[in-house]
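> how does the following fold in three dimensions:
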Amino acid sequence: MDNWCAGFEKLCQSRGIRVTAQRLAVYKALAEDLAHATAESVYARLSKRLPGLSFATIYRTLQFFENEKLIRKVSSPGAIGRCDANVDPHQHLARRVGSTYSQTVLVAIWTFDQENDLILRIVFLHYRCKLAICTVVYPKLGI
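So this is what the prediction gives:
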């Protein structure tokens with residue numbers, strides 16, 4: 001995680017983009033969320049720690065990051081906007097197991113580290129749904 005944040009800061013500086021404490025906090029919250037964060041989930045994660053940070057600021061910051069190609073959108077058309085801090089080439093493979101109301105999704109993410117070694121990260125996401133309202137439960141991983 002620290003490597004990603006350091007890389008983010010370095011990339012911003014090389015492009016003349018100011019790295020503020022708020023921007024770094026938003027990027028870090030996004031990078032820590034392997035379920036591909038939404039503006040809402042980033043806000044929920046940061047609002048207690050940074051009470052002056054508004055939802056609108058987070059939304060605009062994510063839009064700015066996307067426009068600058070510092071992050072990428074990974075949602076399908078018409079779906080809630082989800083973002084990925086990992087802009088390196090990688091693939092997602094998902095398999096759902098369960099009923100309409102409770103599903104577990106296995107997500108395998110392939111990426112390369114700085115030495116060009118292939119890294120495989122596997123994450124199990126568990127969705128609990130009721131009347132089209134879903135929550136996601138996922139493990140906090142120190143990756």
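> got the domain ranges for the chain?
Following automatic domain parsing, the chain resolves into domains at 2-84, 91-137.
> what separates Val19 from Phe65, distance-wise?
12 Å (Cβ to Cβ, to the nearest Å). Glycine gets a C-beta too; all of them are placed from N, C-alpha and C.
> so for the two, which residue has more residues nearby?
Set Val19 next to Phe65 and count neighbours by other Cβ atoms under 10 Å: Phe65 wins out with 22 against 15.
> one step back: which one of the domains of the chain has the lowest average pLDDT?
The weakest mean pLDDT among those belongs to domain 91-137, with a mean of 56.
> can you tell me the closest non-neighbouring residue to Ile17?
With sequence-adjacent residues excluded and distances taken as Cβ to Cβ, 6 or more residues apart in numbering, Ile17 is closest to Glu68, at 6.4 Å.
> and the helices in the chain, which stretches?
For the chain, the helices defined by DSSP state H cover 2-14, 21-32, 39-46, 55-67.
> now the third one: buried residues?
By neighbour count, and taking 16 or more other Cβ atoms under 10 Å as the criterion, the buried residues in helix 39-46 are Ala39, Ser41, Val42, Tyr43, Arg45, Leu46.
> now that helix - C-alpha only, CSV.
Once non-C-alpha atoms are left out, helix 39-46 reads as follows in CSV (Å, rounded to 0.1, in the frame of the first residue of the first chain):
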residue,chain,number,x,y,z
ALA,A,39,-17.5,7.7,-3.9
GLU,A,40,-19.9,6.7,-1.1
SER,A,41,-17.6,4.1,0.3
VAL,A,42,-14.6,6.4,0.2
TYR,A,43,-16.7,9.1,2.0
ALA,A,44,-17.8,6.5,4.7
ARG,A,45,-14.2,5.5,5.2
LEU,A,46,-12.9,9.0,5.6
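> can you tell me what sits against it?
Outside helix 39-46, the residues that touch it by Cβ atoms under 8 Å, 6 or more residues apart in numbering are 25-26, 29-30, 32-33, 35, 37, 53, 55, 58-59, 62, 80-81.
> same question, the first one
Where contact means Cβ under 8 Å, 6+ apart, the residues beyond helix 2-14 that reach it are Arg18, Val19, Arg23, Leu24, Tyr27, Lys28, Ala31, Leu70, Ala85, Asn86, Gln114.
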